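*Asks:* Everything below, folded, please.
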Amino acid sequence: MLSNAGYAAYKNSKVMTASPAELTLMLYEGAIKFANIAKVAMEEKNIEKTHNNIRKADAIVEELQCTLNHKYPVAKDFDNVYTYLRDRLMWANLKKDPEILDECLDIMHTMRDTWKEVMKRTKNGSSGVA
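*Replies:* From the prediction side, this is the model:
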């Protein structure tokens, strides 16, 4: 139990000291992680685990969407992608369709990789878009 407590403290510290750009990156990585867990669960025909993890990925995308800074015109583009992604996650969950989930993962990977590039080019994402 001690190692779990230590890891939890480390994770909490990492989140509490992260910049807004790093937090956004963590959210992308979390959504990808949960979508991957859902994909494996889908392959195992574990409906409950699939559902729960797609919902977790969707909740993260919803958070990304809610925290967009709309004073930047590009936020509208992000908003449209997030809306589409949430719709596709819903359909992947309803149909338990791995192809739709793969599409969602492709989008999430692209968004994450783009965000990493933004962070690199703007010295840790200081532009404030998301």
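*Asks:* When you work out contacts or count neighbours from here on, use the C-alpha atoms and nothing else.
*Replies:* Will do.
*Asks:* Tell me where the model's unsure across this protein.
*Replies:* 1-3, 5-16, 124-130 (pLDDT under 70).
*Asks:* which residues of it fall in helices?
*Replies:* Secondary structure of the chain (DSSP state H): helices located at 2-16, 20-43, 47-66, 74-95, 98-121.
*Asks:* Output the ones you listed in TSV, with mean neighbour count appended to each entry.
*Replies:* Output for these, formatted as TSV (neighbours: other CA atoms under 10 Å):
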stretch	mean neighbour count
helix 2-16	11
helix 20-43	20
helix 47-66	19
helix 74-95	17
helix 98-121	17
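*Asks:* List the contacts of the closest residue to Asp79 other than its chain neighbours.
*Replies:* Nearest non-adjacent residue to Asp79, counting by CA to CA, 6 or more residues apart in numbering: Gln65, 5.9 Å away. Going by CA atoms under 8 Å, 6 or more residues apart in numbering, Gln65 touches 78-79, 82-83.
*Asks:* tell me which of those is nearest to Met119?
*Replies:* Proximity of these to Met119 (CA to CA) peaks at Phe78, which lies at 15.8 Å.
*Asks:* so who does that closest one touch?
*Replies:* 65, 68.
*Asks:* can you tell me how far it sits from Lys96?
*Replies:* Using CA to CA, to the nearest Å, Phe78 is found at 26 Å from Lys96.
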